[in-house]
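1. need the 3D shape of this:
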Amino acid sequence: MKRRILGIAAAAALVAPAGAHAPAQTVDAPCNGTGVPIHVIALDMKDRTGSIKVELWPANEQDFLKDDRDLKREGKFFARVWGKVPASGPVTLCIRVPQAGRYGMVFTHDRDGKNKFNIWKDGVGVVSNRAVGRSRPKLAYSTINVAPGGVQVTLKMQYLRGLSGFSPAR
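-> Okay, here's the model as predicted:
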């Protein structure tokens, strides 16, 4: 049992790379500027505390969930947007990509606001809405295809639900 829990914690640490420091843009910022917009709507939030974050990686196994500092050093794409969870209404974030294409995307709910994924409290959302389970999100579940005019995606948030790991609310 202890080994399983430690495995979940290690996998969860990969959801929020160590380089997750200052936001590039906040939820209060309008989604204007250069690039193609991705509008993300999160459903089934456990509560209205803390902050939310959406991160994008290149859509390949070598780079997905890789530390953003390493990607930037290698001249590869990475983007992150932070926001506070609104007290009421829809939970949305908008992030821009340089061009249409395929990206790996993960949405997280940092309930305690410590900017470090807490497996016992925090939530995660992936594009496919398939259960993440006890492992880190898979690229196949997290790939988003962005059209030239942008895209809107609705995610069902997942939180730890016993030994089965992370899954959407039933």
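2. and stretch 37-46, which residues are buried?
-> Neighbour-count burial for stretch 37-46 flags 37, 38, 40, 42, 44, 45 (criterion: 16 or more other CB atoms under 10 Å). No exception for glycine: its C-beta is placed from N, CA and C like everyone else's.
3. those residues: which two are farthest apart?
-> Spatial extent of those (CB to CB) is set by the pair 37 and 44 at 23.2 Å.
4. helices of this protein, start to end?
-> Per DSSP state H, the chain carries helices over the ranges 2-13, 68-73, 139-142.
5. pull the longest strand from the chain.
-> strand 101-110 (DSSP state E).
6. pLDDT on that strand, on average?
-> Per-residue pLDDT over strand 101-110 has a mean of 97.
7. in that strand, which residues are buried?
-> Going by 16+ other CB under 10 Å, strand 101-110 has these buried residues: 103, 104, 105, 106, 107, 108, 109, 110.
8. name the strands paired with that strand and say parallel or antiparallel.
-> strand 51-58 (antiparallel), strand 123-126 (antiparallel), strand 143-146 (antiparallel) (DSSP bridges).
9. centre of the chain to that strand, how far?
-> Distance of strand 101-110 from its chain centroid, counting by CA atoms, centre = their mean, to the nearest Å, is 4 Å.
10. just to revisit the earlier point, including distance to residue 169 and pLDDT, could the buried residues of stretch 37-46 go into CSV?
-> Formatted as CSV, the buried residues of stretch 37-46 follow (distance: CB to CB, whole Å; pLDDT from 0 to 100):
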residue, distance to residue 169, pLDDT
37, 27, 96
38, 23, 96
40, 18, 97
42, 12, 96
44, 5, 94
45, 10, 94
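11. residue 128 - nearest residue in space that isn't next to it in sequence?
-> Distances taken as CB to CB, 6 or more residues apart in numbering place residue 141 nearest to residue 128, at 4.3 Å, with adjacent residues excluded.
12. thought that neighbour was touching residue 124?
-> No. Between residue 141 and residue 124 there is no contact under CB atoms under 8 Å: 10.5 Å.
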